[in-house]
Structures are given as C-alpha cells and as structure tokens.
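# any chance you could fold what I've pasted below:
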Amino acid sequence: MSGNSNAGAAGGGAIYGLGIFGAWVFFWQQADSFWEYLLAIVQGLFWPAWMVYEVFAALAG
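Have a look, this model is predicted:
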C-alpha cells in the first residue's frame with residue numbers, strides 16, 4: 001500500500017466535534033445571563049484550551 005490513510009484524523013475530528021457539543025451543553029446550562037450565554041458559545045469552541053488552563057491554575061495553587 002502506498003496510499004496515505006487519514007482514518008485516525010477523521011476519528012479525532014469526530015471526537016473533537018462531540019466534545020464541542022458536550023461543552024456547549026455543559027456551559028449553556030451554567031449560564032444565567034445574555035453575556036454568559038455568549039461566553040458559553042466561545043467556551044464550547046475553545047474547551048480544550050480552557051480545560052488545560054483550569055488544570056494548570058488548579059495545580060499552581
């Protein structure tokens with residue numbers, strides 16, 4: 001076989017997509033005002049970075 005296989009990349013994209021929807025549901029349920037709902041949308045898109053930041057913040061102190 002000389003072809004390039006991207007099956008792993010496609011699976012990772014699907015998992016990331018499910019993570020985004022799950023994060024939107026979680027953050028949306030926590031929101032109480034218009035600005036918090038807007039922030040929930042942004043947090044849903046960037047949830048991996050948010051998660052790493054929160055982990056490092058917890059470890060630091």
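# how many neighbours does residue 23 have?
For residue 23, the count of nearby residues is 20 (other CB atoms under 10 Å). C-beta here means a position set from N, CA and C on the backbone, and glycine is covered the same way.
# secondary structure element for it, which one?
Residue 23 belongs to helix 7-30 when elements are defined using DSSP states H and E.
# buried sites along that helix?
23, 24, 27 (16 or more other CB atoms under 10 Å).
# in JSON lines, list those residues along with pLDDT and distance to residue 57.
What follows is those, written out as JSON lines (pLDDT from 0 to 100; distance: CB to CB, whole Å):
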{"residue": "23", "pLDDT": "89", "distance to residue 57": "18"}
{"residue": "24", "pLDDT": "91", "distance to residue 57": "22"}
{"residue": "27", "pLDDT": "92", "distance to residue 57": "17"}
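# could these be laid out in TSV, adding distance to residue 41?
Output for those, formatted as TSV (distance: CB to CB, whole Å):
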residue	distance to residue 41
23	10
24	7
27	8
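# still on that earlier bit, what helices and strands are in contact with the helix holding residue 23?
If you count contacts as 3 or more CB pairs under 8 Å, 6 or more residues apart in numbering; DSSP states H and E, helix 7-30 packs onto helix 34-45, helix 47-60.
# what sits up against it?
Residues from elsewhere that reach helix 7-30 (CB atoms under 8 Å, 6 or more residues apart in numbering): 36, 37, 39, 40, 41, 43, 44, 45, 47, 48.
# relative to helix 34-45, how tilted is that helix?
Angle, helix 7-30 to helix 34-45, by axes from the mean of the first three to the mean of the last three CA atoms, to 10 degrees: 160 degrees.
# keeping just the C-alphas, turn helix 7-30 into PDB.
Provided in PDB are the C-alpha atoms of helix 7-30 (Å, rounded to 0.1, in the frame of the first residue of the first chain):
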ATOM      1  CA  ALA A   7      -8.800   7.400   9.200                       C
ATOM      2  CA  GLY A   8      -7.300   8.400  12.500                       C
ATOM      3  CA  ALA A   9      -7.600  12.000  11.800                       C
ATOM      4  CA  ALA A  10     -11.300  11.600  10.800                       C
ATOM      5  CA  GLY A  11     -12.000   9.800  14.100                       C
ATOM      6  CA  GLY A  12     -10.200  12.500  16.100                       C
ATOM      7  CA  GLY A  13     -12.300  15.200  14.400                       C
ATOM      8  CA  ALA A  14     -15.500  13.400  15.200                       C
ATOM      9  CA  ILE A  15     -14.400  13.100  18.900                       C
ATOM     10  CA  TYR A  16     -13.500  16.800  19.000                       C
ATOM     11  CA  GLY A  17     -16.900  17.700  17.400                       C
ATOM     12  CA  LEU A  18     -18.700  15.700  20.100                       C
ATOM     13  CA  GLY A  19     -16.600  17.400  22.700                       C
ATOM     14  CA  ILE A  20     -17.700  20.800  21.400                       C
ATOM     15  CA  PHE A  21     -21.400  19.900  21.600                       C
ATOM     16  CA  GLY A  22     -20.900  18.400  25.000                       C
ATOM     17  CA  ALA A  23     -19.100  21.500  26.200                       C
ATOM     18  CA  TRP A  24     -21.900  23.800  24.700                       C
ATOM     19  CA  VAL A  25     -24.500  21.800  26.700                       C
ATOM     20  CA  PHE A  26     -22.500  22.000  29.900                       C
ATOM     21  CA  PHE A  27     -21.600  25.700  29.700                       C
ATOM     22  CA  TRP A  28     -25.100  26.600  28.400                       C
ATOM     23  CA  GLN A  29     -26.700  25.000  31.500                       C
ATOM     24  CA  GLN A  30     -24.300  27.000  33.800                       C
END
